[in-house]
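K.L.:
Show me how the following folds:
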Amino acid sequence: MHTPQKSLQEAMLKGGPQKPLWRRFNGDSIALPIKDAVEQAIRKESENGNKLKVCIGTDSQVKGQETEFATVIVFLREGRGGFMFIHNEKTYLKYSIKERMLVEVAKSIEIAYELCDLFTVYEVDMEVHADINTNPSFKSNEALREAMGYILGMGFAFKAKPEAFASSCCANKIVN
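P.N.:
A predicted model of the protein is given here:
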């Protein structure tokens, strides 16, 4: 007899579909849909008198046949530190460096777009960070123009290296 639990375990072992979850930096899962969790965090911080800024970024790392992506939502409390929500995804798709940089940007834009109305309602500044080097001698620079156009075209504030800490530091820490 196939129980739902056994089917889920089999699907996970086979690399089948599983709903990727968001979590906190300490590893605690976020049970709510991400939009609800972000709204709850904004309300709590606001009630505590904190002014927030949010930075969204994604980084990736190729490990053998697998590419792992980490997207982070970094909440900065003005003058009081911060915290972040984390989401990981793995794929066996092969990307050129430019494609991978643009997939990172697309993942960041996807979550920024899902959350942007909350940031407007609660008057929270938001930036999308791209792990792309502004120095033309780096390979990632190939994607700079397209990434910048994509992010700015969506109406979001854009940061690239070295200012893009959400992707180049926070998300990077998760995939390395």
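K.L.:
Now the residue nearest the centre of the chain: which helix or strand?
P.N.:
Central residue of the chain (CA atoms, centre = their mean): residue 71, 2.1 Å from the mean position. Assigned by DSSP states H and E, residue 71 belongs to strand 66-77.
K.L.:
Now do that strand: which elements does it pack against?
P.N.:
The helices and strands touching strand 66-77, judged by 3 or more CB pairs under 8 Å, 6 or more residues apart in numbering; DSSP states H and E, are helix 34-47, strand 52-63, strand 82-91, helix 97-121, helix 172-175. Just so you know, the C-beta spots here come from the backbone N, C-alpha and C atoms, and that holds for glycine as well.
K.L.:
about what we covered before: okay, and the beta partners of the residue nearest to the centre of the chain?
P.N.:
residue 58, residue 87 (DSSP bridges).
K.L.:
Residue 92 contacts residue 64, doesn't it?
P.N.:
No: counting by CB atoms under 8 Å, residue 92 stays clear of residue 64, with 9.7 Å between them.
K.L.:
Neighbour count: those two, which is higher?
P.N.:
Each of residue 92 and residue 64 has its neighbours counted (other CB atoms under 10 Å); residue 92 has more, 9 against 6.
K.L.:
and residue 27, how many neighbours?
P.N.:
Residue 27: 7 neighbours (other CB under 10 Å).
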